[in-house]
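**Q** Below is the sequence, then the predicted model.
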Amino acid sequence: MEQKEFETIVRNIRSHVLRVATRYMGNDDDGEDVTQDVMLKLWCLRDKLDEYRSVEALAVVMAKNIALNRIRSALKLVGEDMHEEFSDKDNPEVAYINKEEEKRVMELISQLPDVQQATLRMKHIDGMEVSEIASTIGSTENAVRVNLARARKKILSYFNLDDYE
């Protein structure tokens with residue numbers, strides 16, 4: 001695929017990809033970052049794009065997956081931070097901020113519906129695998145994944161609402 005043809009395709013699909021990415025990420029800046037990642041991946045795949053029925057559909061799925069991966073990574077970091085002691089004991093301000101952030105995350109998790117709260121805690125705080133969670137709560141792995149996705153999305157929306165206050 002030639003560069004001009006690629007640019008035409010990108011120009012036509014970029015706004016839709018940006019809307020999807022922004023919806024998942026909850027703000028324009030993060031949505032733009034995800035959109036740029038998608039466009040870069042499409043550029044790397046430009047010689048194979050003719051094999052796809054819809055480049056737009058491919059780009060939207062890529063945006064969704066990149067956004068969800070970023071959310072998962074952020075939640076994983078928050079979970080890891082909750083288990084660690086404060087490494088900078090000489091700086092009480094950093095210790096206070098870290099403690100307040102941990103407290104806020106725990107408050108947000110406690111506001112989730114019971115099933116989402118339990119699955120999120122088991123996955124990100126206790127470090128359990130999806131199959132372990134499913135057997136523990138007597139559910140299917142797919143239901144656990146759905147609950148985790150919903151919980152992550154709600155937590156992310158709480159953070160994004162706080163950014164605008």
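**A** Arrived safely. Numbers count the residues shown, from 1 in each chain.

**Q** rest of the way, CA atoms for contacts and neighbours
**A** Fine.

**Q** all strands of this protein, in order?
**A** For the chain, applying DSSP state E gives no strands.

**Q** Spell out, range by range, the helices that occur in it.
**A** 3-25, 28-44, 55-83, 92-110, 114-120, 130-137, 141-164 (DSSP state H).

**Q** For the residue most central in space within the chain, which non-adjacent residue is closest in space?
**A** With distances taken as C-alpha atoms, centre = their mean, I71 lies nearest the centre of the chain, 1.8 Å away. Excluding the flanking residues, the one nearest I71 by C-alpha to C-alpha, 6 or more residues apart in numbering is R152, at 7.0 Å.

**Q** burial of that neighbour, as a residue count?
**A** When neighbours are counted by other C-alpha atoms under 10 Å, R152 registers 22.

**Q** just R14 next, same as before
**A** Close neighbours of R14, defined as other C-alpha under 10 Å, add up to 19.

**Q** got a list of what it touches?
**A** Shown in contact with R14 (C-alpha atoms under 8 Å, 6 or more residues apart in numbering): T35.

**Q** do you know how far it is from Q36?
**A** 9 Å (C-alpha to C-alpha, to the nearest Å).

**Q** Could you do I66 as well?
**A** Between I66 and Q36 the distance is 11 Å, computed by C-alpha to C-alpha.

**Q** again, but for M128
**A** 33 Å.

**Q** And M1, by the same measure?
**A** Here the criterion is C-alpha to C-alpha. By it, M1 lies 19 Å from Q36.

**Q** Can you list the low-confidence ranges for the protein?
**A** Residues of the chain that meet the criterion pLDDT under 70 lie in 77-91, 93-95, 159-165.

**Q** switch to 90 and redo it
**A** Applying pLDDT under 90 to the chain flags the ranges 1-7, 23-31, 40, 43-52, 64-139, 143-144, 147-165.

**Q** What are the neighbouring residues in contact with E56?
**A** Contacts for E56 (C-alpha under 8 Å, 6+ apart) come out as 13, 17.
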